[in-house]
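Chemist: 3D, please:
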Amino acid sequence: MSETPTGPLCTRESIATELGQAGLRPGDTVLVHSSLSSLGWVCGGAEAVVLALLDALGDDGTLVVPAHSGDNSDPALWQHPPVPEAWWDDIRASMPHYDPRTTRTSGVGVIPEVVRTWPGAVRSAHPQTSFAAIGPRAAEVVAGHDLDCQLGERSPLARLEELGARVLLLGAGFGSCTAFHLAEYRIRAPEADNAFAITTPRGRRWTTVRDIALDSDDFEELGAAFAEERPVRYGRVGAAVTRLFSLADAVAYAEVWLAARRRLVEPA
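Modeler: Numbering: from 1, shown residues only. As a prediction, the model looks like this:
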């Protein structure tokens, strides 16, 4: 016998109302990191959450989500779980190339996959760390996402900073706050090779680029310090705790905090 669902009951209308109470405003440009299961029992599932976000933002607002596809990466680096070394070459040769229209999201929850496939949504070009967006500023946000810049100056994070965007953690923790990664690019963090399958005018190709070695292991600690010292608005949507804050403020704080604690590359 299946268990009785636990609440609270969340509807499109209740979620939109509570998002407004949590500080989301019509016309905002907002980067949302989310956990559907944290909300409670949602009538309509992830689709209802996306509709509520769009209701809260209104016609002039822009919704942005991480649409990452980390499976498109070098199998030699896979840890959860690892795969046999004997498979590595075959995986590199056969991994489907990134296509913003069809490549599914992975590791970012259910809600971003719904946003990715939403009518009118657009998606950035990076094969591992793309973002999807809906709204009048969506095309501007996702433009120019270079292969050797997962989450740096030539990624949607920098565009969001320029646009005065805010970050909404909707039942998600600071460990998932991608904005902190932009700070890693500004403090001379170490680099590493990054590989993936892409499509070119000559067809599919496995390629390797040099990029920042991303590290989010201390982001929960960073986020706790940030929330103590900088303006973070707390709220609740269903059973989920929300945190709403300026993306630019988070990046500026993270630059100082990370620079004091990370091993950095000495300038040449």
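
Chemist: any weak-confidence spans in the stretch 1-150 of the chain?
Modeler: Judged by pLDDT under 70, the stretch 1-150 of the chain has its weakly predicted residues at 1-3.

Chemist: mind listing the strands in it by residue range?
Modeler: Remark: strands assigned in the stretch 1-150 of the chain by DSSP state E, counting those that start in this stretch are 9-10, 29-34, 41-42, 62-66, 122-123, 131-134.

Chemist: Now do residue 140 against residue 51, distance only.
Modeler: Computed as C-beta to C-beta, to the nearest Å, the residue 140 to residue 51 distance reads 23 Å. For the C-beta atoms, the positions are set from N, CA and C on the backbone; glycine is no exception.

Chemist: just residue 43 next, same as before
Modeler: In terms of C-beta to C-beta, residue 43 sits 11 Å off from residue 51.

Chemist: try residue 94
Modeler: Going from residue 94 to residue 51 by C-beta to C-beta gives 38 Å.

Chemist: which of those two has more neighbours?
Modeler: Counting neighbours by other C-beta atoms under 10 Å for residue 94 and for residue 51 shows that residue 51 has the greater number, 17 against 10.

Chemist: how far away is that one from residue 80?
Modeler: For residue 51 relative to residue 80 (C-beta to C-beta), the value is 32 Å.

Chemist: ok, now residue 217?
Modeler: Distance from residue 217 to residue 80, by C-beta to C-beta: 14 Å.

Chemist: How about residue 265?
Modeler: Residue 265 is 27 Å from residue 80, by C-beta to C-beta.

Chemist: what about those two, which has more around it?
Modeler: residue 265 (11 against 5).

Chemist: Looks to me like that one is in a helix.
Modeler: No - under DSSP: H, G, I helix; E, B strand; the rest coil, residue 265 sits outside any helix and is assigned coil.

Chemist: Now do the same contact list for it.
Modeler: Residues in contact with residue 265 (C-beta atoms under 8 Å, 6 or more residues apart in numbering) are 188, 189, 190, 191.

Chemist: Near the third one, how many other residues are there?
Modeler: What that stands for is residue 190. Using other C-beta under 10 Å, residue 190 is surrounded by 12 other residues.

Chemist: Just to check, it is in contact with residue 213?
Modeler: Yes - using C-beta atoms under 8 Å, residue 190 makes contact with residue 213 at a distance of 4.9 Å.

Chemist: Dihedrals phi and psi, residue 164?
Modeler: With angles defined as degrees, to the nearest 10, residue 164 sits at phi 70, psi 30.

Chemist: Quick check: pLDDT value at it.
Modeler: Residue 164 is assigned 98 on the pLDDT scale.

Chemist: what about the helices in the stretch 51-200 of the chain?
Modeler: Remark: helices assigned in the stretch 51-200 of the chain by DSSP state H, counting those that start in this stretch are 88-94, 110-116, 138-142, 156-162, 179-186.

Chemist: Report how many residues lie close to the residue lying closest to residue 152 once chain neighbours are set aside.
Modeler: The shortest distance from residue 152 to any non-neighbouring residue, by C-beta to C-beta, 6 or more residues apart in numbering, is to residue 185 (3.6 Å). Look at residue 185: counted by other C-beta under 10 Å, it has 22 neighbours.

Chemist: For burial, what's the neighbour tally of residue 58?
Modeler: By other C-beta under 10 Å, the residues close to residue 58 number 12.

Chemist: Which residues are in contact with it?
Modeler: In this structure, residue 58 makes contact with 26, 27, judged by C-beta under 8 Å, 6+ apart.

Chemist: quick one, phi psi at it?
Modeler: Dihedral angles (degrees, to the nearest 10) for residue 58: phi 70, psi -180.

Chemist: got the contact list for whichever strand or helix holds residue 228?
Modeler: Per DSSP states H and E, residue 228 falls inside helix 219-229. Residues from elsewhere that reach helix 219-229, judged by C-beta under 8 Å, 6+ apart: 173-177, 180, 232, 243, 245, 250, 253-254, 257-258.
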